[in-house]
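Chemist: Turn this into a structure:
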Amino acid sequence: MRELNLDRLRTLLTVADLGSFSAAAKALHLAPPTVTLHVAQLEARLGTRLLHRAPAGVTATSAGGVLIDKARRLLAEADDLLQTVQRQVASRGGRVRLGASTGALAHLLPQALEALAARHPQIEVQVAVVTSDEALARLAAGSLDVGLVALPQPAVRGLRVQPWRRDPVLAFIPAAWQPPRQVTPAWLAARPLIANDRGTRLSRHTDQWFAAAGLRPQARIELNYNDAMKSLVAAGYGAALLPHEAGAPPPDARITVRPLKPALSRALGIAHRARGHDAATEATLEALMTLRGR
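Modeler: Reported below is the predicted structural model:
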């Protein structure tokens, strides 16, 4: 026994309070030899006698009295902790740590959070802005409970990634440019571009879209914030390739939105640990799945 065990501390406390090993065994519903073993293990772990055994009864030694005082507070705190968790589980409350990119945060996630708050107002969701790679790393490390990630993703032991949404990627173009009905890689590559940050999956997808046409255009600026990119498009600074997200407001009147030829889409998934969810995490996953494919 390397560490102090709460059950053994509770046994010691009960023996000291009742003044008898047999009375403690009865109160704890344990066999008398088990009570004796618990106390002996504590004494061996600490290297000192904790109880005086005498025909008149059992009393604490000086060291035992110190340990019993501390154990009483520790056990009370442990009981309080368990009751707090049980109340949280019973009410489906709690805290969920969720990671997502700025794109998902802007329009998709608020819809899920609104649905969650309507059904489970006691659940607190803490949101971190992270890339897909960061989300998976933090899930594996235990510092996130849910991550919204771009697909595809490599398998990570202990994690599950569920397909969530597939949204079309569209060309957001300054209206003054008078774009064609469908925008090709060749037409777009000949004009100033506002690109997604190199660390994003969407950046790699758009690079592949251009590369399939034998093109490698250079962007004027790279960003990882969709609304800022749209503001630059409206100002005439360049065109951007961005996913169309359900719930997003109509673009600025200075922006024309066109489909791509060939078509391009952005797939998102929900990543979480494969096992061991608490009720709050399950409720959050349910709320996110209401937006699946919308």
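
Chemist: Now do the contacts for residue 150.
Modeler: Shown in contact with residue 150 (C-beta atoms under 8 Å, 6 or more residues apart in numbering): 101, 132, 200, 201, 202, 266, 267, 268, 269. The way it works is simple: take the backbone N, C-alpha and C, and place the C-beta from them, glycine included.

Chemist: What's the local residue count around the second one?
Modeler: It stands for residue 132. Neighbours of residue 132 under the rule other C-beta atoms under 10 Å: 23.

Chemist: In terms of distance to residue 70, which of the contacts of residue 150 ranks first?
Modeler: Nearest to residue 70 out of those is residue 132 (C-beta to C-beta; 46.5 Å).

Chemist: in the sheet, who's paired with the closest residue to the closest one other than its chain neighbours?
Modeler: Spatial nearest neighbour of residue 132, excluding adjacent residues (C-beta to C-beta, 6 or more residues apart in numbering): residue 149 at 3.9 Å. Applying DSSP bridges to residue 149 gives these bridge partners: residue 269.

Chemist: Check what pLDDT residue 149 gets.
Modeler: With respect to pLDDT, residue 149 has a value of 92.

Chemist: measure it to residue 63 for me?
Modeler: Distance from residue 149 to residue 63, counting by C-beta to C-beta, to the nearest Å: 54 Å.

Chemist: Walk me through which strands the longest strand along the chain pairs with, and which way each runs.
Modeler: Longest strand in the chain, counting residues (DSSP state E): strand 159-174. Paired neighbours of strand 159-174 in the sheet (DSSP bridges): strand 239-243 (antiparallel), strand 255-258 (antiparallel), strand 265-273 (antiparallel).

Chemist: Next, the buried residues of it.
Modeler: Neighbour counts over strand 159-174 (16 or more other C-beta atoms under 10 Å) mark 159, 161, 164, 165, 167, 169, 170, 171, 172, 173, 174 as buried.

Chemist: repeat for stretch 65-77
Modeler: Result for stretch 65-77 [16+ other C-beta under 10 Å]: buried residues 67, 68, 71, 74.

Chemist: Narrow the residues you listed to those in helices?
Modeler: 67, 68, 71, 74 (DSSP state H).

Chemist: For this protein, give me the ranges with low pLDDT.
Modeler: 1-3, 84-93, 246-247, 293-294 (pLDDT under 70).

Chemist: List the contacts of residue 148.
Modeler: With contact set as C-beta under 8 Å, 6+ apart, residue 148 has these partners: 98-101, 104, 108-109, 135, 164, 268-271, 288.

Chemist: And residue 193, by the same measure?
Modeler: By C-beta under 8 Å, 6+ apart, the contact set of residue 193 is 217, 218, 219, 220, 238, 239, 240.

Chemist: Please identify which pair of those residues lies farthest apart.
Modeler: By the measure C-beta to C-beta, 218 and 240 form the most distant pair in the contacts of residue 193, at 14.3 Å.

Chemist: So which of these two has more stuff around it?
Modeler: More crowded of residue 218 and residue 240, by other C-beta under 10 Å: residue 240, with 26 against 8.

Chemist: these two touch, right, that one and residue 231?
Modeler: No. Counting by C-beta atoms under 8 Å, residue 240 does not reach residue 231; the two are 10.3 Å apart.

Chemist: Give the residues shared as contacts by the two.
Modeler: Common neighbours of residue 240 and residue 231 are not found (criterion: C-beta under 8 Å, 6+ apart).

Chemist: Helices of the stretch 1-150 of the chain, start to end?
Modeler: Assigned by DSSP state H, counting those that start in this stretch, the stretch 1-150 of the chain shows helices spanning 6-18, 21-28, 32-46, 62-91, 102-106, 108-119, 132-141.

Chemist: Tabulate those helices (JSON lines), appending distance to residue 188.
Modeler: Compiled in JSON lines, the helices of the stretch 1-150 of the chain are given as follows (distance: least, C-beta to C-beta, whole Å):
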{"stretch": "helix 6-18", "distance to residue 188": "65"}
{"stretch": "helix 21-28", "distance to residue 188": "75"}
{"stretch": "helix 32-46", "distance to residue 188": "71"}
{"stretch": "helix 62-91", "distance to residue 188": "51"}
{"stretch": "helix 102-106", "distance to residue 188": "20"}
{"stretch": "helix 108-119", "distance to residue 188": "25"}
{"stretch": "helix 132-141", "distance to residue 188": "25"}
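
Chemist: just so I know, which of these lies nearest residue 125?
Modeler: For these, proximity to residue 125 was assessed by C-beta to C-beta; helix 108-119 is nearest, at 6.1 Å.

Chemist: Any chance you could list what contacts the closest one?
Modeler: Here helix 108-119 makes contact (C-beta under 8 Å, 6+ apart) with 98, 100, 123, 125, 127, 148, 165, 245-247, 268, 283-284, 287-288, 290-291.
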